[in-house]
Structures are given as C-alpha cells and as structure tokens.
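# fold the stuff below for me.
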Amino acid sequence: MAEDGRIVCDLCPRLCALRDGQRGMCFVRMREGDHLVLDTYGRSSGFCIDPIEKKPLNHFLPGTPVLSFGTAGCNLACKFCQNHEMSKSRDTDLLAQEASPETIARAARNAGCRSVAYTYNDPVIFLEYAVDIAEACRARGVKNVGVTAAYVTEEARAEFFGAMDAVNIDLKGFTDRFYRRLTGAELGPVLDNIAYAVNEAGCWVELTVLLIPGENDAVGEIEEMSRWIVETCGQDVPVHFTAFRPDHRMMDRDATPVETLLRARAVAKEAGIRHVYIGNVNHDEAQSSYCAGCGARVIERDWHLISDWKLDGQGRCLDCGTQMPGVFDGPPGTWGRKRQPVHLIGA
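Take a look at the predicted model:
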C-alpha cells in the first residue's frame with residue numbers, strides 16, 4: 001500500500017495506485033475496499049474455434065483446432081490495435097457469455113480442441129481467470145496457449161507463463177521510442193519477459209512482430225532485433241513478421257507491402273534465426289516450415305491449411321532425421337482454415 005493509502009496493483013509494470021472504487025489503466029482490475037478484484041472474472045466477449053496457426057503458432061500441434069476467447073480491457077494503449085473493440089472497451093456489457101473454468105475446459109474437450117487460447121485481449125490482465133481455466137484444462141488433457149504482449153511484472157510472470165503450454169509474444173518494436181509513443185508502454189520489461197519465457201518458464205515460445213511502415217520496419221532495427229533474439233533466445237525460436245492493416249488510431253497509414261515482410265524475413269534468417277515466417281498475407285514459401293538440417297520443406301502451408309507434411313510423429317524430418325523444434329504429437333491435425341463461432345451453455 002502506498003503512503004497515501006492507495007493500493008498498488010503489481011500485476012504489470014504500470015503499478016497503478018488506486019483509491020477505493022478506482023480502476024487501473026487496464027479497466028478490468030479495480031479496488032474494492034482493501035482488496036483488488038478482477039471484475040470480469042468468468043465473463044467473455046465470445047468463443048471461437050480457430051486453427052492454431054492463427055495465433056500464430058507454427059510449431060505447436062500444427063493443424064489442430066484451438067478454442068479461442070478473450071475478455072475486455074488491456075494494459076497497453078496500442079494506436080494500431082486490431083482488436084480495439086474488445087481490448088480498448090470501457091463497457092463490460094460486451095461480455096455477453098459467462099463461463100466457469102470447468103465449462104470452458106469441458107467445451108474445448110467436447111469440441112475436439114487440443115488447446116484453449118487466451119487471446120483477443122491480453123490474458124495477463126485476467127490472470128486469475130486464465131490460471132483457473134488452465135488448471136481445469138490440464139485436468140482434461142487440454143493444453144493452454146497465451147497470446148500476449150508480455151507486459152507483466154517479475155512478481156506475476158511465473159504464475160502466468162507457468163500456466164501456459166505455449167505462448168506467442170507480440171514484440172511490438174525494438175526501440176523505447178516506438179513503445180512509448182505507439183503503445184504507451186516500455187520495451188525493457190517485454191525483453192526481460194521474453195528471455196524469461198524462453199529460458200526459464202518451460203513453455204513453447206514464438207514471437208510476432210507487426211511491421212508498420214515507417215515506424216518499426218527499418219533494416220537496421222530488424223537486424224538489431226534479430227541479433228538480440230539469437231543471442232538471448234537462441235536460433236530456434238520462430239519469428240513471425242506480420243502485415244499491418246490500417247486500424248484504430250492509425251487509419252492514415254498504408255498497409256505493409258509483402259516486399260517489406262520478405263526483406264525482414266531475409267534479414268532475420270541472415271542473423272541466424274532458423275524459422276522465420278510472414279503473416280496477414282498469403283505466401284506459401286514464407287509460411288512453410290523448413291528442416292534446419294537439410295533444408296527440405298517439411299510443412300507446406302497455404303494460409304492456415306497444411307498442404308504437405310514430411311515429419312514423423314515426433315517432428316523429425318523424414319529426409320535426414322533432424323528434430324523440428326516445437327511441440328509435435330503424432331500426425332498433423334486437419335482443421336485447416338475454418339473459423340467456427342461457439343456458444344457455451346452452462347456456466
């Protein structure tokens with residue numbers, strides 16, 4: 001508690017100091033008396049079954065369906081947010097679906113989903129709900145996927161990453177200026193948490209970088225970022241460079257050209273990153289996976305559809321036996337490109 005009587009929320013680096021009845025910057029965590037509460041616990045903005053590749057995760061149970069959901073609010077203020085109707089919402093009335101952790105785990109299992117994804121808005125801000133769902137899922141053999149900007153404190157990150165079997169972390173850019181000006185956050189904690197997730201947390205990690213023309217797509221910045229990834233995370237952490245589309249408060253910008261994505265991919269591969277993809281565009285060569293041992297195309301993709309597969313059940317190349325890094329369990333799934341809304345019955 002602060003000296004003036006305010007309670008400090010230590011979930012994320014913002015460290016919001018709250019008086020009774022006040023909400024944090026994320027909107028969903030608030031002070032009630034002498035306690036901090038998550039007032040969106042048990043409520044969602046909706047559920048949908050997606051391909052796991054949409055998260056994006058290319059090395060985690062490829063081809064399988066994942067039950068995706070989000071809540072409301074966010075602890076970042078990205079001017080380019082593509083889910084701003086939910087993440088920037090100040091209206092909890094949009095949380096139309098109520099579901100207990102057990103209901104979500106049971107629904108995922110019954111639908112044949114191998115995992116549940118905490119996405120659309122950042123699951124860090126609904127940590128308690130996410131952790132309880134993850135526990136219920138694991139009890140039913142369902143894995144957990146976090147899609148996050150990793151803006152979380154050292155005190156909270158072990159609980160969050162420990163609940164996840166895989167995470168895709170949005171590395172928004174690689175300069176403090178970009179983070180401060182376009183996300184309202186800081187770069188340092190994000191880099192610390194990426195390093196922690198890869199080297200200590202025990203979950204599978206992939207990184208996504210949304211390239212915005214004129215903001216974070218300079219070759220020098222991508223070179224510096226790629227070197228940091230190799231030095232800190234190793235060569236086997238997959239990186240996804242995805243295309244920006246005008247949205248939210250950046251409607252005056254052009255979409256990212258495919259050439260920019262391909263250039264970033266080439267720079268990252270030159271720096272030593274072995275598995276680099278592009279996204280939000282269709283490009284089968286740059287969305288497919290290649291063996292680091294012999295160079296063979298071992299997973300061919302057309303958007304989120306797996307069109308060819310040359311790995312054994314444990315993810316080893318059929319040509320040379322090199323292990324593909326990631327989580328592989330038997331043959332690939334066949335979910336493809338489908339996106340299926342789901343209404344959960346029974347809280």
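# which neighbouring elements make contact with the lengthiest strand in the chain?
Scanning the chain for the strand with the most residues, using DSSP state E, yields strand 204-211. Applying 3 or more Cβ pairs under 8 Å, 6 or more residues apart in numbering; DSSP states H and E, one finds that strand 204-211 contacts strand 166-170, helix 219-233, strand 239-243, helix 258-271. C-beta here means a position set from N, CA and C on the backbone, and glycine is covered the same way.
# of those, which is nearest Tyr129?
Taking Cβ to Cβ, strand 166-170 is the member of the helices and strands packed on strand 204-211 nearest to Tyr129, at 16.6 Å.
# pLDDT below threshold where in the stretch 151-300 of the chain?
Along the stretch 151-300 of the chain, the model assigns pLDDT under 70 to residues 248.
# so can I have TSV of the helices and strands packed on strand 204-211 showing distance to Cys203 and mean neighbour count?
Below are the helices and strands packed on strand 204-211 laid out as TSV (distance: least, Cβ to Cβ, whole Å; neighbours: other Cβ atoms under 10 Å):
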stretch	distance to Cys203	mean neighbour count
strand 166-170	6	24
helix 219-233	13	17
strand 239-243	17	23
helix 258-271	22	18
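# could you dump those to CSV with distance to Glu154?
Below are the helices and strands packed on strand 204-211 laid out as CSV (distance: least, Cβ to Cβ, whole Å):
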stretch, distance to Glu154
strand 166-170, 16
helix 219-233, 16
strand 239-243, 24
helix 258-271, 28
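# run through who's touching the longest strand of the chain.
56-60, 80, 165-173, 194, 197-198, 216-217, 225, 229, 233, 237-244, 256, 260-261, 264, 279, 326-327 (Cβ atoms under 8 Å, 6 or more residues apart in numbering).
# how about 7 Å then?
By Cβ atoms under 7 Å, 6 or more residues apart in numbering, the residues outside strand 204-211 that reach it are 56-60, 165-172, 197-198, 217, 229, 237-244, 256, 260-261, 264, 326-327.
# in contact with the closest residue to Ile212 other than its chain neighbours, which residues?
Excluding its sequence neighbours, the residue lying closest to Ile212 (Cβ to Cβ, 6 or more residues apart in numbering) is Phe244, at 4.5 Å. Under the criterion of Cβ under 7 Å, 6+ apart, the neighbours of Phe244 are 80, 210-213, 253, 255-256.
# same check on Asn216?
Neighbour list for Asn216: 173-174, 178 [criterion: Cβ under 7 Å, 6+ apart].
# can you give me the helices in this structure?
For the chain, the helices defined by DSSP state H cover 84-87, 101-110, 127-139, 154-163, 176-178, 187-196, 219-233, 258-271, 284-287.
# save those helices as a markdown table, and put in distance to Pro13 too.
Below are these laid out as a markdown table (distance: least, Cβ to Cβ, whole Å):
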| stretch | distance to Pro13 |
| --- | --- |
| helix 84-87 | 18 |
| helix 101-110 | 27 |
| helix 127-139 | 14 |
| helix 154-163 | 9 |
| helix 176-178 | 13 |
| helix 187-196 | 5 |
| helix 219-233 | 19 |
| helix 258-271 | 27 |
| helix 284-287 | 34 |
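# relative to Ala111, how far out is Thr64?
Separation of Thr64 from Ala111 (Cβ to Cβ, to the nearest Å): 11 Å.
# more crowded one of the two?
Thr64 (20 against 15; other Cβ atoms under 10 Å).
# apart from its chain neighbours, what residue comes closest to the more buried one?
The nearest residue in space to Thr64 (Cβ to Cβ, 6+ apart) is Gly333, at 3.6 Å.
# tell me, how many residues neighbour that neighbour?
Residue crowding around Gly333 was assessed by other Cβ under 10 Å; the count is 20.
# go on, His275?
Neighbour count for His275, taken as other Cβ under 10 Å: 21.
# that one against Gly234, yeah?
No: look at His275 against Gly234 with Cβ atoms under 7 Å: they stay out of range, at 11.1 Å.
# next up, the contacts around Asp132.
Asp132 makes contact with Pro101, according to Cβ under 7 Å, 6+ apart.
# where's it relative to Met30, distance?
19 Å.
# again, but for Cys320
In terms of Cβ to Cβ, Cys320 sits 56 Å off from Met30.
# higher neighbour count, those two?
Met30 (19 against 13).
# once you drop chain neighbours, what's closest to Gln82?
With Cβ to Cβ, 6+ apart as the criterion, Gln82 has its nearest non-adjacent residue at 5.2 Å, and that residue is Asp247.
# and for Asn193?
That would be Ala150: by Cβ to Cβ, 6+ apart, it lies 4.0 Å from Asn193.
# please report how far that neighbour lies from Lys310.
Counting by Cβ to Cβ - Ala150 and Lys310 are separated by 33 Å.
# repeat that for Ala185.
Using Cβ to Cβ, we find Ala185 at a distance of 41 Å from Lys310.
# give me the more crowded residue out of the two.
Relative neighbour count places Ala185 above the other of Ala185 and Lys310, with 22 against 15, counting by other Cβ under 10 Å.
# now the contacts of Asn216 in TSV, with distance to Asn75?
Shown next, in TSV, are these (distance: Cβ to Cβ, whole Å):
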residue	distance to Asn75
Gly173	17
Phe174	20
Phe178	17
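# and which of those residues is nearest to Leu344?
The nearest member of those to Leu344, counting by Cβ to Cβ, is Gly173 at 36.2 Å.
# how about that closest one, what does it touch?
By Cβ under 7 Å, 6+ apart, the contact set of Gly173 is 179, 215-216.
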